[in-house]
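Asks: from the sequence below, what's the structure:
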Amino acid sequence: MRLKPLIVLFWFFLPATCVFAQSDPERLAGILEKRLQAPSDVAFQLREYLMPKVAKLNPPAEAAQWTAEEQRLRKHLMEDVVFHGWPAEWVNAPPKFEDLGLMTPGNGYRMRKLRYEIVPGFWSTAILYEPEEMKGKIPAILNVNGHEYTIGKAAEYKQKRCINFAKRGILALSLEWLECGELSHPEKEYDGNHHWHAAYLDFVGANAVGLFYLAMRRGLDYLYEHPNVDSSRLGVTGLSGGGWQTITLSALDERVSVAVPVAGYASMVSEIERLSDTGDIEQIPADFFAGVDNAHLTAMRAPRPTLLIFDAEDDCCFRAPLVKPYVFDQVQPIFKLYSMADAFQFHENADPGTHNYQLDNRLQAYHFFAKYFHLPPIENEIPVDAEIKSYDELVVGLPKDNLTFLGLARKLGAEVNRQPSPSTALGATDWAAPERKKLQAVVRYNPTTLKHPWAIANTKSKGVETRSYRLEFANGLSAAGIWVKAMTAPDSAPLTIVLDDKGKKSALATVSDRVNRGEQVLAIDPLFFGDSTPDQPEFDSQEPEYFIQLLATLGDRGLGIEAAQLVASTQWWQRAAPWHAARLECTGIRSQVVGLVAAALEPALFSEVRVNQGMRSLNYILEAPVTHRAAPDLFCLDLYKEFDVDRLAALAQPTMITIKEDGEAPPTK
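Replies: Next comes the predicted model:
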């Protein structure tokens, strides 16, 4: 059999030609603009879909069983998730710290400025608080930042804590955090260290959480190797994002003997219930919570001493009464297996009760660390207000060419080396099957079927008939769609599926053009498009990117779900009208990728895929750049590492692929 040659056409302008001027654009616009399902309904469907995927913590009968299980989980998370795609030589590199010297000595302690390399070309900074006299081996605490965007490690409450640790004979290392303080680049809108920019790393094949993990682990490596540190007495503590760092690092690295996370994490149950509890991309990284919950991470601390601090009326996230049942109550039986129930404590802060690491929470931490470091009890805080330094005084300095998330992703993306697509028919046949299987794995493609097309409304006048649907799928999720046809067109008229990045309401010109050509049209909004988004644009909502990341962290991919809905919708209509293979017309880069993925996975589905306002290569996402918020479904782990536009088009053979570039750049914001 002779293989039809791959046809990928790039058009710069192609005027539409009206054959049958039967549709009334003004009237059709009103039909396409009418929303078919509410954002709250879409959000509820997503929560219902996500909640059963949350892993349950089931305490075993014996401590030895949990020890074996936590070792399995630790190995899986580190090897399969955290360091997925990261070069081994970077992961295993020894800590590289530069000592820039002592600051003006304090009262009973010294401060030392440090700069360290996270990965080659990407540096961060730190301040080391040293007791004035270090005799023998002393305990050490890694102090990690939350989202203190402007002042970073200069936060007043963090300085007070570190100074007090040093005055009590504890070495305290205060790390700068990505996007904060010296690593904040507000002047770089698209090339700064905004945490969601780390999604570029996912896109090129390195799990974003790996960089965050290395950034904090380098600090632990430094303390572990410090000649004055007792490596059996290492602690970690931090507020908010620092609380997430604390539980993550201390669960996955057994060198941490004592941990005090403060208002920094929750069970996936809480995160699905309230998006305010989700955090940033590193807190819900791709695949991290597929089979694991934060309850498991907390239990992985057993039997090592752990104090959880949460705030009663937190004005940010993670309110104590709401998270305690999942991350504390469920975990207590695990510590009891080791006869270490007293080493696992929960403190609910009521003063001030908001998002804080102020005096009450610091006193709780001092007391807990002193007890399990076998130091004299600490019952009060040494007043140090006069010793607090300004931001400028704590600046260490970074290289001018220091990498950012995007810079690092471009560096890794430039090293992507895919095998070329075959040029012969026989080679293409042998090549396509494993490549298609790889694509299914990358986008986590799970075919679905249409459970019921809920007919919501119809019109039939002025020569055109329409039908509006909410398309309910077997997996409980849904899409919205409108079928349009000229009344004079036969039931056997060719079908064009229309998909637009901005939703069906923006597809008027395309729909009208195809109807006027005598075709029937199905304009659909799959999940996260148009009517099927869970956000409310007037409130500048971020719900789509959060939900897409929740899907990713639980092992799904938004891109795979969108492609599955497109396939199922097309197959449903074709069963009713099997005379022609459907055309697919896409507008925008999101629609383009969804359409190409669907055509690559189901190459007999479409006769043609036409793309308007498309891109020649996925590399456009890195070079434009396109932000995660603008196209969160495209930041799919390994997508660019394994595939590009031409490769997807090759898999879609014999489908004709036409990509039109008419001078209008796809949106980046």
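Asks: so which other helices or strands are in contact with the strand or helix carrying Y224?
Replies: In this assignment (DSSP states H and E), Y224 forms part of helix 209-225. Helices and strands touching helix 209-225, by 3 or more CB pairs under 8 Å, 6 or more residues apart in numbering; DSSP states H and E, are helix 88-91, strand 109-119, strand 122-131, strand 138-144, strand 171-175, strand 229-239, helix 241-252. Just so you know, the C-beta spots here come from the backbone N, C-alpha and C atoms, and that holds for glycine as well.
Asks: export the ones you listed to CSV and tack on mean pLDDT?
Replies: Shown next, in CSV, are these (pLDDT from 0 to 100):
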stretch, mean pLDDT
helix 88-91, 98
strand 109-119, 98
strand 122-131, 98
strand 138-144, 98
strand 171-175, 98
strand 229-239, 98
helix 241-252, 98
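Asks: put together JSON lines for these, with mean neighbour count and distance to V42 on each row.
Replies: Shown next, in JSON lines, are these (neighbours: other CB atoms under 10 Å; distance: least, CB to CB, whole Å):
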{"stretch": "helix 88-91", "mean neighbour count": "12", "distance to V42": "39"}
{"stretch": "strand 109-119", "mean neighbour count": "20", "distance to V42": "38"}
{"stretch": "strand 122-131", "mean neighbour count": "23", "distance to V42": "38"}
{"stretch": "strand 138-144", "mean neighbour count": "27", "distance to V42": "36"}
{"stretch": "strand 171-175", "mean neighbour count": "27", "distance to V42": "39"}
{"stretch": "strand 229-239", "mean neighbour count": "23", "distance to V42": "33"}
{"stretch": "helix 241-252", "mean neighbour count": "26", "distance to V42": "28"}
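Asks: quick check: buried residues in the helix holding Y224?
Replies: 209-224 (16 or more other CB atoms under 10 Å).
Asks: next one: that helix to chain centre, how far?
Replies: 21 Å (CA atoms, centre = their mean, to the nearest Å).
Asks: ok, stretch 272-280 next?
Replies: With CA atoms, centre = their mean, you get 12 Å for stretch 272-280.
Asks: name the surrounding residues that touch that stretch.
Replies: For stretch 272-280, the surrounding residues in contact (CB atoms under 8 Å, 6 or more residues apart in numbering) are 47, 50-51, 54, 147, 195-196, 241, 244, 265-266, 270-271, 284, 316-318, 322-323, 543, 546-547, 549-550.
Asks: one more time with 6 Å
Replies: Stretch 272-280 is contacted by residues 47, 50-51, 195, 266, 270-271, 284, 317-318, 546 when judged by CB atoms under 6 Å, 6 or more residues apart in numbering.
Asks: of the residues you listed, closest to A600?
Replies: L50 (26.6 Å; CB to CB).
Asks: where's the residue nearest to that closest one when sequence neighbours are not counted relative to F473, distance?
Replies: Excluding its sequence neighbours, the residue lying closest to L50 (CB to CB, 6 or more residues apart in numbering) is I272, at 5.0 Å. As judged by CB to CB, to the nearest Å, I272 and F473 stand 19 Å apart.
Asks: tell me the helix or strand right after the helix or strand where A432 lies.
Replies: Per DSSP H and E, A432 falls inside helix 425-443. Where DSSP H and E defines the elements, the next helix or strand beyond helix 425-443 is strand 450-461.
Asks: next one: whichever helix or strand comes after that next one to chain centre, how far?
Replies: Sequence order places strand 464-473 as the next helix or strand after strand 450-461, per DSSP H and E. Put simply, strand 464-473 sits 32 Å off its chain's centre (CA atoms, centre = their mean).
Asks: ok and strand 464-473 relative to strand 450-461, angle-wise?
Replies: 160 degrees (axes from the mean of the first three to the mean of the last three CA atoms, to 10 degrees).
Asks: sheet partners, orientation included, of the helix or strand following strand 464-473?
Replies: Reading on from strand 464-473 to the C-terminus, the next helix or strand found by DSSP H and E is strand 478-486. Strand 478-486 pairs in its sheet with strand 464-473 (antiparallel), strand 520-525 (antiparallel), by DSSP bridges.
Asks: could I get the ones you listed in CSV, plus columns for distance to K160 and mean pLDDT?
Replies: Listed next are the strands paired with strand 478-486 as CSV, based on distance: least, CB to CB, whole Å; pLDDT from 0 to 100:
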stretch, distance to K160, mean pLDDT
strand 464-473, 54, 97
strand 520-525, 52, 97
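Asks: neighbouring contacts of stretch 456-475?
Replies: If you take CB under 6 Å, 6+ apart as the criterion, stretch 456-475 is touched by 22-24, 31, 36-37, 448-455, 478-487, 569.
Asks: could you turn the buried ones of these into a ChimeraX selection?
Replies: To isolate the buried ones among the contacts of stretch 456-475 in ChimeraX, judged by 16+ other CB under 10 Å, type:
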select :22,23,31,36,37,448,450,453,478,479,480,481,482,483,484,485,486,569
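Asks: ranges for the strands of the stretch 251-400 of the chain?
Replies: Taking DSSP state E, counting those that start in this stretch to define them, one finds strands in the stretch 251-400 of the chain at 258-262, 306-311, 344-349.
Asks: got JSON lines for those, with mean pLDDT too?
Replies: Listed next are the strands of the stretch 251-400 of the chain as JSON lines, based on pLDDT from 0 to 100:
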{"stretch": "strand 258-262", "mean pLDDT": "98"}
{"stretch": "strand 306-311", "mean pLDDT": "98"}
{"stretch": "strand 344-349", "mean pLDDT": "98"}
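Asks: what's the closest of those to L114?
Replies: strand 258-262 (22.4 Å).
Asks: mind listing what the closest one pairs with, with the direction of each?
Replies: Partners of strand 258-262 in the sheet, by DSSP bridges, are strand 229-239 (parallel), strand 306-311 (parallel).
Asks: now the helices for the stretch 251-400 of the chain?
Replies: 268-273, 294-299, 320-324, 332-337, 359-372 (DSSP state H, counting those that start in this stretch).
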